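In: How does the following fold in three dimensions:
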Amino acid sequence: AIVEALRQAPFARSLAWPPFPPATVDQLARVHDPSYLTALEENILSGADRLDADTAVSFDSWQAALAASGALIAAVADVVSGTYANAFCPVRPPGHHAERSRAMGFCLVNHVAVAAREAQEALGLARIAIVDFDVHHGNGTQQIFYNDPSVLYVSLHLSPHYPGTGAFSETGRGAGQGGDAQSSPPGRLRRPGDRPPVRAAGDPCATPVRPGADPRLGRVRRPPGRPAGGADPNRKGVW
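Out: Next comes the predicted model:
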């Protein structure tokens, strides 16, 4: 439905739909445990229909996950090279709940983490910023980069909500301290139709960001098809 809406949008003639290869297992293994990836592929191809209470799969889910990560990798490369000014990837299955060694919340592979690491390893970008708009906190992306000072992760989500992470106190660990920032309405859910809160620097409901982050690439992750507001990464951006 999202792809069809884009193809029929008033700006459709301004859009390009370049081909891209699926991600490789080696690319996924930069952020996921190789043993987890092996078990995930085997479970799916053996006919599993559910990995946990929230994460259903089908026989084609493994290839879909590889294609989704591949789309983000290609989008990042095209934006960094200047081929395109920005990119939008309406991919499924989603990814931000997938941890290094665990699928959850509909997510099998953490595509934005895969693409961020690819940008560092293959394209030489030292520092990456990921801004995540969603009703749910992106626990997987946070976990993968929690100790990593080279990736700034900012999450805008409702709290308390699934999966129970994303408290203001979660700001990174060790060398990654200050590399995670949380923003959400404290202590309550908002009414249907309320605009999601986007808080300014210095707001007491937003955690501080490590000084000197200065990312070379900004990537905004939002759930396709859901009204999550707008954003300007202020640098080259991949949606």
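
In: what ranges do the strands span in this structure?
Out: 50-52, 55-56, 86-87, 128-133, 151-156, 180-183, 217-221, 237-238 (DSSP state E).

In: Make CSV from the ones you listed and add mean pLDDT and mean neighbour count to it.
Out: Backbone N, C-alpha and C define where each C-beta goes, glycine included. Below are those laid out as CSV (pLDDT from 0 to 100; neighbours: other CB atoms under 10 Å):
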stretch, mean pLDDT, mean neighbour count
strand 50-52, 95, 14
strand 55-56, 97, 16
strand 86-87, 93, 18
strand 128-133, 91, 23
strand 151-156, 91, 26
strand 180-183, 68, 23
strand 217-221, 57, 24
strand 237-238, 46, 24
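
In: Take these and lay them out in TSV including distance to residue 74.
Out: TSV is the format used below for those (distance: least, CB to CB, whole Å):
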stretch	distance to residue 74
strand 50-52	27
strand 55-56	25
strand 86-87	8
strand 128-133	16
strand 151-156	20
strand 180-183	27
strand 217-221	13
strand 237-238	10
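
In: The ones you listed: which one's closest to residue 73?
Out: Minimum separation from residue 73 across the strands of the chain (CB to CB) falls at strand 237-238, 10.0 Å.

In: quick one: which of the strands of the chain is nearest residue 3?
Out: Residue 3 lies closest to strand 86-87 among the strands of the chain, at 14.2 Å (CB to CB).

In: Show me what that closest one packs onto, helices and strands only.
Out: Judged by 3 or more CB pairs under 8 Å, 6 or more residues apart in numbering; DSSP states H and E, strand 86-87 is in contact with helix 61-81, strand 237-238.
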